[in-house]
Structures are given as structure tokens and as C-alpha cells.
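Novice: Coordinates for the following, if possible.
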Amino acid sequence: MKASELRKKSVQELNTELNSLKEELFKLRFQHATNQLSNPMKLKSVKRDIARVKTVIKELELTSAKV
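Specialist: Numbering: from 1, shown residues only. This next block holds a predicted model:
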């Protein structure tokens, strides 16, 4: 997931994406705790995706506040 792709989405779509990523992170953490996670690097990538989505949401909020 790239930031340029995220910037094309609306705030509502970004919030939906954020919720799904948080659910995925929860599931991955649960699998990691029970030693069922095959790729631990997936945790890192999902956390970064969450940060990207939050950053783009904040950018959109700031630009709409200036206008």
C-alpha cells in the first residue's frame, strides 16, 4: 500500500481501511502469541500501513482546516 494510493481515497474510505488494518493486526498478534504466525514480518508491515493511513487522514484534516 502506497501513500499516493491512499491520498486518492476519501476520509470515510480511509477510516474503513484503518479499521480493517487494526482487525488484521489484532489477529496477527493473536497468532504470534500462540506461535501460529508463519511470517512475523507481517506484523511490521501492517503497523506501517496503519501509520500511513493515519498520516494521510491527518494530512486531509489539516488541509481542510486551512481552507
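Novice: Other residues contacting the host helix or strand of Lys27?
Specialist: Using DSSP states H and E, Lys27 falls within helix 11-33. Helix 11-33 is contacted from outside by 6, 9, 37, 40, 42-43, 46-47, 49-50, 53-54, 56-57, 60-61, using C-beta atoms under 8 Å, 6 or more residues apart in numbering. (Glycine included, C-beta is placed from N, CA and C.)
Novice: Take the residues you listed and keep only those in helices.
Specialist: 6, 42-43, 46-47, 49-50, 53-54, 56-57, 60-61 (DSSP state H).
Novice: tell me which helix or strand of this protein sits lowest on mean pLDDT?
Specialist: Taking mean pLDDT, DSSP states H and E as the measure, helix 3-7 is the helix or strand of the chain with the lowest mean score, a mean of 91.
Novice: quick one on the thing from earlier: now the helix holding Lys27: average pLDDT?
Specialist: The pLDDT scores in helix 11-33 average 96.
Novice: Give me the buried stretch members for it, please.
Specialist: 14, 17-18, 21, 25, 28, 31 (16 or more other C-beta atoms under 10 Å).
Novice: which outside residues touch the least confident helix or strand of the chain?
Specialist: 14, 17, 52-53, 55-56, 59.
Novice: mind saving the C-alpha coords of that helix as CSV?
Specialist: Below are the C-alpha coordinates for helix 3-7, written out as CSV (Å, rounded to 0.1, in the frame of the first residue of the first chain):
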residue,chain,number,x,y,z
ALA,A,3,0.6,6.8,0.3
SER,A,4,-0.2,8.0,-3.2
GLU,A,5,-2.9,5.4,-3.5
LEU,A,6,-4.3,6.4,-0.1
ARG,A,7,-4.4,10.1,-0.9
